[in-house]
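>>> no sequence on this one, just coordinates:
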């Protein structure tokens with residue numbers, strides 16, 4: 001077994017087109033390649049492609065999506081506690097390795113994408129030696145399926161987090177969904193939606209090739225406006241949005257646009273695969289109360305019900321999602337550190353943190369569920 005890296009997904013295009021697929025639309029050659037060619041995953045943004053490849057007798061058999069990271073931006077698993085620990089013992093935290101979907105807190109099923117099965121113990125023993133030679137502080141695997149994460153615990157530290165997902169319990173309509181909510185939650189949603197309706201704000205939904213360049217320019221304007229308002233960084237370039245129609249990703253793209261007095265007011269973009277809908281970015285050009293909830297949550301829920309989708313994921317964080325029907329679920333990440341002195345302190349911290357997360361999850365489920373039948 002030989003382990004190496006490539007600095008562009010283009011170098012393993014054929015392998016990825018055949019093997020690099022998962023339950024979400026972001027694990028794909030098209031998404032990673034689009035990020036590269038539109039200068040989203042580049043040195044100046046701290047995301048440098050350094051994908052790990054596994055060969056057996058010089059035949060490529062496995063691929064781990066991976067980046068050399070120079071910062072922790074755009075990850076959504078906040079690791080400042082690890083960074084500070086390295087600084088406290090007089091060592092640098094960057095560069096580090098990160099196996100993740102860039103800028104996208106969406107869980108994937110797999111860690112290794114392979115054409116031929118490899119022996120786990122051999123892989124991780126050789127991977128550890130390889131990582132030590134790369135002169136990195138650590139290796140992180142973000143938003144990985146629970147079953148896979150539990151398998152990786154033999155070689156990594158496991159970390160638990162929380163997200164909020166909406167589940168379709170065979171609802172026949174949005175009103176049918178509302179009937180399952182507690183009275184106060186239902187009234188609040190109706191009030192928020194009524195406000196939008198009374199303002200004569202209209203919505204259009206476009207899917208796939210129906211999304212044109214004007215729509216994508218509007219989406220970029222909204223994305224940029226939101227980023228600037230939050231004093232954040234534009235991870236995605238204007239070119240990324242404009243190049244979407246030239247990628248197979250466009251087939252999975254759903255754009256919801258809002259119009260106020262006939263003028264474009266804001267939008268949200270979502271991606272779908274199988275029975276899941278993934279809300280990604282939103283923005284508004286005007287300050288309109290409740291528009292965020294309508295564009296990001298209610299329109300997405302309504303679309304999911306009408307199209308018999310099973311799940312809506314609306315990104316990271318946000319306990320305010322609970323009152324709108326999104327319930328807390330566990331997320332999992334795995335972490336390896338290239339310093340034996342930190343093993344025990346980090347292990348103790350993660351065990352304590354997990355207990356706090358589980359306690360929080362139990363409290364949210366018991367006390368804040370918006371549903372009548374919970």
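Received the coordinates, thanks. Computed from a predicted model, the values in this text were never measured in an experiment.

>>> When you work out contacts or count neighbours from here on, use the C-alpha atoms and nothing else.
OK.

>>> so how far is stretch 234-245 off the chain centroid?
Distance of stretch 234-245 from the chain centroid (CA atoms, centre = their mean, to the nearest Å) equals 17 Å.

>>> Find the helix or strand that residue 281 is a member of.
Counting by DSSP states H and E, the element that carries residue 281 is strand 276-284.

>>> For whatever helix or strand comes next after that strand, which outside residues touch it?
Later in the chain than strand 276-284, the nearest helix or strand by DSSP H and E is helix 291-293. Residues outside helix 291-293 that contact it (CA atoms under 8 Å, 6 or more residues apart in numbering): 192, 196, 282-283.

>>> Repeat the analysis, applying 10 Å as the threshold.
With contacts defined as CA atoms under 10 Å, 6 or more residues apart in numbering, helix 291-293 is touched by 189, 192-193, 195-196, 201, 258, 265-268, 282-284, 297-300, 320-321, 324.

>>> Now the buried members of those residues.
Taking 16 or more other CA atoms under 10 Å as the criterion, what is buried in the contacts of helix 291-293 is 189, 192-193, 195-196, 201, 258, 265-268, 282-284, 297-300, 321, 324.

>>> out of the residues you listed, which are inside helices?
189, 192-193, 195-196, 299-300 (DSSP state H).

>>> hey, which helix or strand in this protein has the poorest pLDDT?
Least confident element among the helices and strands of the chain, by mean pLDDT, DSSP states H and E: strand 311-316 (a mean of 92).

>>> What pairs with it, parallel or antiparallel?
strand 157-167 (antiparallel), strand 276-284 (parallel) (DSSP bridges).

>>> Give me the contacts around that strand.
By CA under 10 Å, 6+ apart, strand 311-316 touches 76-77, 104-107, 161-169, 270-272, 274-281, 296-297, 300-301, 303-305, 321, 326.

>>> Got a ChimeraX select line for the buried ones in those?
Buried residues among the contacts of strand 311-316 (16+ other CA under 10 Å), as a ChimeraX selection:
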select :76,77,104,105,106,107,161,162,163,164,165,166,167,168,270,271,272,276,277,278,279,280,281,296,297,300,301,303,304,305,321,326
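
>>> Now do the end-to-end distance for stretch 15-23.
Taking CA to CA, to the nearest Å, stretch 15-23 runs 18 Å from one end to the other.

>>> How about that stretch, which residues are buried there?
Buried residues in stretch 15-23, defined by neighbour count with 16+ other CA under 10 Å: 15-16, 19-21.
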